[in-house]
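In: sequence and predicted structure are below.
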Amino acid sequence: MSLFKRIFSKEKKETLDKGLEKSNTTFFSKLTKAVAGKSKVDDDVLDNLEEVLVSSDVGVATTLKIIDRIEGRVAKDKYLGTDELNKILREEIAGLLSETNVGNETDFTIPLSKKPYVIMVVGVNGVGKTTTIGKLASQFKKNGLKVVLGAGDTFRAAAIDQLQVWADRVEVPLVKQKMGSDPASVAFDTVESAVNQGADVVIIDTAGRLHNKVNLMNELSKIKRVMQKVIDDAPHDVLLVIDGSTGQNAFEQAKQFTKATAITSLAVTKLDGTAKGGVVIGISDQFKIPVKYIGVGEKIGDLQVFNKIEFVDSFFK
């Protein structure tokens with residue numbers, strides 16, 4: 001019981017509950033049908049549960065892992081009633097998330113040992129990358145941190161303009177060049193400017209194209225090399241933004257970007273408009289990358305720090 005003790009504030013928890021409502025409702029509707037007429041967890045129930053998890057976008061590999069763990073508990077306990085299945089599922093999924101998401105963060109923080117702390121943000125166009133950057137900047141600033149943004153997606157004028165709107169709204173400086181400029185040059189200027197201003201956090205946007213993995217890899221590698229001329233170990237975090245509402249396509253995005261560069265954290269957006277919240281569980285497990293942020297609404301405060309305990313509690317509410 002203590003595993004699921006509330007950590008978030010009431011307001012943040014209500015936002016998370018509401019954001020995962022579609023995922024929760026759909027999942028439990030399917031789960032109820034899976035155990036209908038059964039009093040114990042048998043092979044039929046496990047087969048049905050497997051189907052429920054896969055259709056909830058948890059992913060095949062992660063689903064099989066969860067089923068295997070539940071089978072182990074059935075074998076150990078000899079008899080397991082279907083009324084206990086919800087509790088067991090919660091525990092096994094929380095355990096799975098704990099393997100990758102070690103901490104239990106509840107607020108927007110950065111390591112104090114790195115100043116400025118450089119975040120390079122990657123992801124395809126349309127996943128909410130620029131919006132996530134803007135919301136992150138707002139949350140960091142709210143926590144008293146000095147933030148500088150870099151408009152490194154120089155291939156779309158709209159990306160630069162959109163980031164400028166966010167910078168103006170949050171009242172943080174934006175380093176940019178004209179459309180078509182070298183993204184690495186923008187990254188260099190941004191990091192150098194942040195150092196000169198004594199900034200705490202630097203967030204750099206990058207082009208959202210998967211046109212060619214080799215070109216993408218070369219571009220991201222060049223951005224990193226150029227930043228390291230200013231700060232030896234930059235970037236400190238390579239954040240991949242993926243659209244949770246795309247379900248299995250989100251797995252493909254993660255696959256392509258992890259091939260192109262070393263991803264250190266994930267932000268899963270647009271979970272409020274979909275029943276595909278299970279994608280968070282599958283992607284975190286399959287790619288062994290911690291989920292750092294989730295988007296559960298359009299307001300600035302609807303970008304939340306991912307907390308595995310609160311997430312599982314809302315998903316199974």
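Out: Received the coordinates, thanks.
In: for the nearest residue to Lys292 once chain neighbours are set aside, give me phi and psi.
Out: What sits nearest to Lys292 in space, not counting adjacent residues and going by CB to CB, 6 or more residues apart in numbering, is Ser265, at 4.0 Å. Using the backbone N, CA and C atoms, a C-beta is placed for each residue, glycine as well. Main-chain torsions, Ser265, degrees, to the nearest 10: phi -160, psi 160.
In: number of nearby residues for Ser265?
Out: Other residues near Ser265 come to 16 when the count uses other CB atoms under 10 Å.
In: surely Val241 and Gly126 touch.
Out: No: the criterion here is CB atoms under 8 Å, and Val241 misses it with Gly126 at 10.3 Å.
In: the more surrounded of these two?
Out: Val241 (26 against 9).
In: for my notes, confirm that one occurs in a helix.
Out: No: under DSSP: H, G, I helix; E, B strand; the rest coil, Val241 sits outside any helix and is assigned strand.
In: not counting its neighbours along the chain, what's nearest it?
Out: Nearest non-adjacent residue to Val241 (CB to CB, 6+ apart): Gly123, at 3.7 Å.
In: ranges for the helices of the stretch 101-250 of the chain?
Out: Taking DSSP state H, counting those that start in this stretch, the helices of the stretch 101-250 of the chain run over residues 129-142, 157-170, 183-197, 213-227, 248-260.
In: please enumerate residues in contact with the fourth one?
Out: Helix 213-227 has contacts (CB atoms under 8 Å, 6 or more residues apart in numbering) with 118, 120, 122, 152, 183-185, 187-188, 191, 204, 206-207, 209-210, 234-235, 256-257, 259-261.
In: could you do the last one as well?
Out: Here helix 248-260 makes contact (CB under 8 Å, 6+ apart) with 57, 59, 122-124, 127, 210, 213, 216-217, 220, 240, 242-244, 246, 263, 266, 268, 279, 282-283, 286-287, 289.
In: quick one on the thing from earlier: for the helices of the stretch 101-250 of the chain, which one ends up most surrounded?
Out: Highest mean neighbour count of these: helix 129-142, a mean of 23 (counted as mean count of other CB atoms under 10 Å).
In: just how off-centre is that helix within its chain?
Out: Offset of helix 129-142 from its chain centre (CA atoms, centre = their mean, to the nearest Å): 14 Å.
In: helices and strands around that helix, which ones?
Out: The contact analysis (3 or more CB pairs under 8 Å, 6 or more residues apart in numbering; DSSP states H and E) places helix 129-142 against strand 117-122, strand 147-150, helix 157-170, strand 201-205, strand 265-269, strand 291-295, strand 303-305.
In: what packs against the longest one?
Out: Other elements packing on helix 157-170 under the criterion 3+ CB pairs under 8 Å, 6+ apart are helix 129-142, strand 147-150, strand 174-175.
In: now do 10 Å
Out: With contacts taken as 3 or more CB pairs under 10 Å, 6 or more residues apart in numbering; DSSP states H and E, helix 157-170 sits against helix 129-142, strand 147-150, strand 174-175, strand 201-205.
In: which one of those lies nearest to Asp47?
Out: Closest approach to Asp47 among those (CB to CB): helix 129-142, 38.1 Å.
In: nearest to Pro111, out of the helices and strands packed on helix 157-170?
Out: strand 201-205 (10.7 Å).
In: returning to what we had before: hey, what's in contact with both of Val241 and Gly126?
Out: Here Val241 and Gly126 have Gly208 as joint contacts, going by CB atoms under 10 Å, 6 or more residues apart in numbering.
In: not counting its neighbours along the chain, what's nearest Ser245?
Out: Computed as CB to CB, 6+ apart, the closest residue to Ser245 that is not its neighbour in sequence is Thr274, at 3.8 Å.
In: check what pLDDT that neighbour gets.
Out: For Thr274, the pLDDT comes out at 76.
In: repeat that for Thr25.
Out: Listed pLDDT for Thr25 reads 87.
In: report the distance from the helix or strand where it lies to the chain centre.
Out: Using DSSP states H and E, the element containing Thr25 is helix 21-34. Here the centre of helix 21-34 is set off from its chain's centre by 22 Å, with CA atoms, centre = their mean.
In: fine by me, we can end here.
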